[in-house]
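[1] Have a look; sequence and predicted model below, questions after that.
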Amino acid sequence: MTETRQSIVLSKLAEKFGDAVVSTHSDFGDDTALVRRERIVEICTFLRDDPDCRFDFGMDLTGVDYLGEVPRFEVVYHLYSLEKKQRVRIKVRLHEEDPAIDSVAAVWPGLNWYEREAFDMYGIVFRNHPNLKRILLYEAFVGHPLRKDYPKAKRQPTLGPQE
């Protein structure tokens, strides 16, 4: 059986980053790697620059709230290689007490806005982000509305134009 290009990417990740890669799977051609947050920038830079990977397009980044689980939060990166026409998903779990991870906006500048959205909606902090501030809600908004424990009936003050 020949190894597919997708499994080559996961194999290279596991080989190069060892215990920083917690787990991988390739179900139905859907490649996913769960990695440790401490090496996210290094892992993403490798995925962008390695000749067998060339993930030159950061398609999406989002947060997930697994209320009741430890760790509670997850950051999910969806990457695509225009040259190789392949995708990979990178996941990082974050604890509720310290929902912070290094920004990858320097690797894929287009993910800048997605990191800001995850910060705004989930309260995930992206260290070294060039402009980490709310993007969808106003600065005085209290809380993070996509967290599963955010009260759905919570009222926020209505603010007029700021001078």
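    Ah, there it is.
[2] Give me the spatial nearest neighbour of Val21, chain neighbours excluded.
    Ala14 (4.9 Å; C-beta to C-beta, 6 or more residues apart in numbering). Quick note: C-beta positions are derived from backbone N, CA and C, even for glycine.
[3] what do you get for Asp19?
    Arg36 (7.7 Å).
[4] quick revisit: tell me who's in contact with the residue nearest to Val21.
    Ala14 makes contacts with 21, 24, 33, as judged by C-beta atoms under 8 Å, 6 or more residues apart in numbering.
[5] picking that back up, tally of neighbours for the residue nearest to Asp19?
    Neighbour count of Arg36, defined by other C-beta atoms under 10 Å: 14.
[6] Next, the buried residues of the helix or strand of the chain with the lowest mean pLDDT.
    For the chain, counting by mean pLDDT, DSSP states H and E, helix 5-17 ranks last in confidence among helices and strands (a mean of 87). Neighbour counts over helix 5-17 (16 or more other C-beta atoms under 10 Å) mark 6, 9-10, 13-14, 17 as buried.
[7] Can you tell me the SS state at Ala118?
    Three-state assignment for Ala118 (DSSP: H, G, I helix; E, B strand; the rest coil): helix.
[8] Would you confirm that it contacts Val76?
    No: the criterion here is C-beta atoms under 8 Å, and Ala118 misses it with Val76 at 9.4 Å.
[9] Which one's more surrounded, the two?
    Ala118 (26 against 16).
[10] Now do the same contact list for that one.
    61-63, 75, 124, 126.
[11] what's the pLDDT at it?
    Looking at Ala118, its pLDDT reads 98.
[12] Could you report the neighbour count for the closest residue to Tyr77 other than its chain neighbours?
    Leaving aside its chain neighbours, Tyr77 sits nearest to Ile90 (4.3 Å; criterion: C-beta to C-beta, 6+ apart). For Ile90, the tally of surrounding residues (other C-beta under 10 Å) stands at 23.
[13] who are the neighbours in contact with Ile90?
    For Ile90, the contact set (C-beta under 8 Å, 6+ apart) comprises 32-33, 35, 40, 43-44, 47, 76-77, 79.
[14] which stretches of this protein form strands?
    Using DSSP state E, the strands of the chain run over residues 21-27, 30-35, 57-65, 73-81, 86-94, 100-102, 125-127.
[15] Of the ones you listed, which is nearest His144?
    strand 57-65 (8.9 Å; C-beta to C-beta).
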